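Participant: Turn this into a model:
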Amino acid sequence: MTGRPDPDAQLSLTPALPPAWPERAAWGTATKLRAWQTAAMEQYFSATPRDYLAVATPGAGKTTFALTVAAELLGRRLIDRVTIVAPTEHLKLQWAEAAARAGIPIDPTYAAGKGKTSKDYVGIAVTYAGVAVNPLAMRIRTENFKTLVILDEVHHAGDALSWGEGVREAFEPAARRLALTGTPFRSDINPIPFVTYAPGDDGVPRSVADFTYGYAHALEDHVVRPVLFMAYSGDMTWRTRAGDEIVARLGEPLTKDLTAQALRTALDPSGSWIPSVLAAADSRLTEVRRHVPDAGGLVIATDQDSARAYAKTLRAITGEAAVVVLSDEKAASKKITAFTDSDQRWMVAVRMVSEGVDVPRLAVGVYATTTATPLFFAQAVGRFVRARTRGETASVFLPSVPSLLGFASEMEVERDHVLGRKITDEGDIFAAEDALIAAANATESGSDELDQSFEALGSEARFDRVLFDGGEFGHAGEVHVGSEEEMDFLGIPGLLEPQQMRELLQQRQSDRAKKQKAAAPTPEADSVAEVSTHEQLAVLRRELNGLVAAWYHRTGQAHGITHAALRKECGGPAAAVATSEQLHERIVRVRDWAARKTS
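Facilitator: Residues are numbered from 1 along each chain as shown. So this is what the prediction gives:
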């Protein structure tokens, strides 16, 4: 089922008290739920399934939904214990705190094999890794009670064979299992436990969700913020392990290896690219804070050395220390909580806040990591989309890497877990480095093996374009960082409705085109000038995006979904990296759609 319920719907829960805890207040005090949560609750309790998979975009409120289900099941005496499985130690604490607010005491310190917990607790919170250590102990606990198991970000049960086997063994006897995910599932050969699969149109098995509430629907309901992507390109210089010196432009068509090396050069703390982008992001944060005083920023780094270096650069830019959160620090959770409750400007993290962690005031992000999978990208962007006040907009700065631009332009596309293919088919241009990057997250100095493969020599940043609501703006030639043209986009007000944002970007685009036309060569000179491939592709992309936008206003179909449909019919990659021939074919196809609809 796909969730498009009445936005004004609500559900009041007043369940009876379980006899085991007569001194407690009612489970799940009366709460006004969001429309999708209400619809999912009604569906869940009308079907009373043993297994249920809810897919909801980051920021939509999966935690509230799951705890409301738990409270109702406790109240109806259908369960008497709750086990929450989360990806990280920090998320265990976050779940326990949220459960406490819902009147469900959860022990976040429980470890497999620990045995009993205090009678004050109704349940426990553990990690997937913790379950895999001793699944038998978890199974015994699950068998001893009527247990609801909440599997948060359930795709992690497919990350490693041992994790999936552990989850299956530990929770097979559970009375109820509620699986949640807020990010697109990846392609894999390992099925996720307790998830249903069915053959897709191509015959390949795909996961089947019981309830889906995607980003496009959440955006229409003002549950999440729209995202403004600021893309930066520039010239990169590096030396390979063989001693060859290479100069390339970030964002230009390159091989996978060269693209990966160009990106790593851009993210090198000793170059000029990352300081320029951090300064631009801080300028954007300053503008946002004019309207949202407590707005914060987050830089997502590849490894700990880079994170510390970025924090040092931010201090030089802002005069204020940035909070650095490292995945192996015992105080990491406390740092995140303290930052959440403060008005500090910047936090720098190594994957620590890439998934599930709730810092609602985050409004500006810098994607400064070499991890480039659709799964991780969606997780990262999800940290910025939680809506608080109507009109808030998220701004995410990213390198002009074709795969990242493709992900940004297709945020509204919903993906399922696909069996029979590996994750590299999903467009991970750095799959060979993933294991090294993961190891770097837990070390002080990153990966020596990565460092030996090349040497970054220099980099410079150029403002490339803005991506918003499936459209591109400002892409008619790169401009210098710090220029007036860049500030036209960095200085966009911090509170704007999506339609206002769209109209303002179109106006800025129009103004920029007029300036360029005024400065263009004379007709005589222009008649002999050749149009570059770069300019030709930019014109075609703008034409395609304009037609897709027109199709949206005519049909209500989200831009990203239309782009995905065009790719399915015509073939080829995302528009950001498509050839001129592929763009021409899509332009013709969407015009055919419009003509058929008119007739």
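Participant: where does the stretch 401-550 of the chain have low pLDDT?
Facilitator: Along the stretch 401-550 of the chain, the parts satisfying pLDDT under 70 run over 412-453, 475-478, 512-513, 515-532, 534-535.
Participant: and if we set it to 80?
Facilitator: Scanning the stretch 401-550 of the chain for pLDDT under 80 picks out the ranges 410-454, 470-471, 474-479, 508-539, 541-543, 545-550.
Participant: can you give me the strands in it?
Facilitator: Counting by DSSP state E, counting those that start in this stretch, the stretch 401-550 of the chain has strands at residues 418-419, 454-459, 462-468, 471-473, 479-480.
Participant: Please state the backbone phi and psi of the nearest residue to Gly200 once chain neighbours are set aside?
Facilitator: Nearest residue to Gly200, sequence neighbours excluded (C-beta to C-beta, 6 or more residues apart in numbering): Arg206, at 4.5 Å. For the C-beta atoms, the positions are set from N, CA and C on the backbone; glycine is no exception. Main-chain torsions, Arg206, degrees, to the nearest 10: phi -130, psi 150.
Participant: Identify the bridge partners of Arg206.
Facilitator: Ala198, Val418 (DSSP bridges).
Participant: neighbours around it, how many?
Facilitator: 20 (other C-beta atoms under 10 Å).
Participant: tell me which residues in the host helix or strand of Thr38 are buried?
Facilitator: Assessed by DSSP states H and E, Thr38 sits inside helix 35-47. The neighbour-count check on helix 35-47 (16 or more other C-beta atoms under 10 Å) flags Ala35, Trp36, Gln37, Thr38, Ala39, Ala40, Met41, Gln43, Tyr44 as buried.
Participant: again, but for stretch 537-555
Facilitator: Neighbour counts over stretch 537-555 (16+ other C-beta under 10 Å) mark Leu537, Ala538, Leu540, Arg541, Arg542, Leu544, Asn545, Leu547, Val548, Ala549, Trp551, Tyr552 as buried.
Participant: gap between that stretch and the chain center?
Facilitator: Centroid displacement of stretch 537-555 relative to its chain, using C-alpha atoms, centre = their mean, to the nearest Å, is 25 Å.
Participant: Stretch 319-338 now?
Facilitator: Centroid displacement of stretch 319-338 relative to its chain, using C-alpha atoms, centre = their mean, is 20 Å.
Participant: Now do the buried residues in that stretch.
Facilitator: Going by 16+ other C-beta under 10 Å, stretch 319-338 has these buried residues: Ala322, Val323, Val324, Val325, Leu326, Ser327, Ala332, Ser333, Lys335, Ile336, Thr337.
Participant: And Lys597, how close does it get to Gln557?
Facilitator: 11 Å (C-beta to C-beta, to the nearest Å).
Participant: again with Tyr213
Facilitator: Counting by C-beta to C-beta, the gap from Tyr213 to Gln557 is 17 Å.
Participant: just checking, next helix/strand downstream of the helix holding Thr38?
Facilitator: Sequence-wise, the next helix or strand downstream of helix 35-47 (DSSP H and E) is strand 51-56.
Participant: partner strands of that next one, parallel or antiparallel?
Facilitator: Using DSSP bridges, strand 51-56 pairs in its sheet with strand 176-181 (parallel), strand 211-213 (parallel).
Participant: can you tell me the average pLDDT over the shortest one?
Facilitator: The predicted model assigns strand 211-213 a mean pLDDT of 93.
Participant: Helix or strand with the lowest mean pLDDT in this protein?
Facilitator: helix 434-440 (a mean of 37; mean pLDDT, DSSP states H and E).
Participant: can you point me to the longest helix in this structure?
Facilitator: Secondary structure of the chain per DSSP state H: the longest helix is helix 533-555.
Participant: Can you say which helix or strand has Ala70 in it?
Facilitator: helix 62-75.
Participant: Show me what that helix is packed against.
Facilitator: Applying 3 or more C-beta pairs under 8 Å, 6 or more residues apart in numbering; DSSP states H and E, we find helix 62-75 packed against helix 35-47, strand 51-56, helix 89-101, strand 147-151, strand 176-181.
Participant: Can you give the contact residues for the longest helix of the chain?
Facilitator: 469-472, 475-477, 557-559, 562-563, 566, 575-576, 580, 583-584, 586-587, 590-591, 593-594, 597 (C-beta atoms under 8 Å, 6 or more residues apart in numbering).
Participant: The same query, at a cut-off of 7 Å, please.
Facilitator: Here helix 533-555 makes contact (C-beta atoms under 7 Å, 6 or more residues apart in numbering) with 470-472, 475-476, 557-559, 562-563, 575, 580, 583-584, 586-587, 590-591, 593-594.
Participant: Produce a ChimeraX select command limited to the buried residues of those.
Facilitator: Filtering the contacts of helix 533-555 down to the buried ones (16+ other C-beta under 10 Å) takes a single ChimeraX command:
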select :470,471,472,475,476,557,558,559,562,563,575,583,586,587,590,593
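Participant: Just the ones in strands from the contacts of helix 533-555, please.
Facilitator: Gly471, Glu472 (DSSP state E).
Participant: Report the two of the buried residues of stretch 319-338 separated the most.
Facilitator: Greatest spacing in these, by C-beta to C-beta: Ala322 and Ser333 (17.7 Å).
Participant: Confirm that Lys116 sits in a helix.
Facilitator: No: counting by DSSP: H, G, I helix; E, B strand; the rest coil, Lys116 is not part of a helix but coil.
Participant: Now for Ala338: which residues touch it?
Facilitator: Counting by C-beta under 7 Å, 6+ apart, Ala338 touches no other residue.
Participant: which SS class is Arg289?
Facilitator: Applying three-state DSSP to Arg289 yields a three-state assignment of helix.
Participant: what's near enough to touch it?
Facilitator: Ala295.
Participant: likewise Ser409?
Facilitator: Ser409 is in contact with Leu467, Gly470, Gly560, His563, Ala574, Ala575, Ala576, counting by C-beta under 7 Å, 6+ apart.
Participant: now these in CSV, with distance to Thr63?
Facilitator: Converted to CSV, these look like this (distance: C-beta to C-beta, whole Å):
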residue, distance to Thr63
Leu467, 29
Gly470, 29
Gly560, 25
His563, 31
Ala574, 32
Ala575, 35
Ala576, 33
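Participant: and those residues, which of them are in helices?
Facilitator: If you go by DSSP H, the contacts of Ser409 have Gly560, His563 in helices.
Participant: out of the contacts of Ser409, who's nearest Asp235?
Facilitator: Among the contacts of Ser409, Ala576 lies closest to Asp235 (C-beta to C-beta), at 19.5 Å.
Participant: my read: the closest one touches Ser403, true?
Facilitator: No: taking contacts as C-beta atoms under 7 Å, Ala576 lies outside contact range of Ser403: 8.8 Å.
Participant: could I get the longest helix of the chain in CSV with only the CA atoms?
Facilitator: Extracted C-alpha coordinates of helix 533-555, given in CSV (Å, rounded to 0.1, in the frame of the first residue of the first chain):
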residue,chain,number,x,y,z
THR,A,533,29.6,20.1,-26.0
HIS,A,534,29.3,21.5,-22.5
GLU,A,535,26.9,24.2,-23.6
GLN,A,536,24.9,21.9,-25.9
LEU,A,537,24.3,19.5,-23.0
ALA,A,538,23.3,22.3,-20.7
VAL,A,539,20.7,23.6,-23.2
LEU,A,540,19.3,20.1,-23.7
ARG,A,541,19.1,19.5,-20.0
ARG,A,542,17.3,22.7,-19.4
GLU,A,543,14.8,22.0,-22.1
LEU,A,544,14.2,18.5,-20.7
ASN,A,545,13.7,19.8,-17.2
GLY,A,546,11.4,22.5,-18.4
LEU,A,547,9.2,19.9,-20.2
VAL,A,548,9.2,17.7,-17.1
ALA,A,549,8.2,20.7,-15.0
ALA,A,550,5.3,21.4,-17.4
TRP,A,551,4.3,17.7,-17.2
TYR,A,552,4.3,18.0,-13.3
HIS,A,553,2.0,21.0,-13.4
ARG,A,554,-0.3,19.2,-15.9
THR,A,555,-0.4,15.8,-14.2
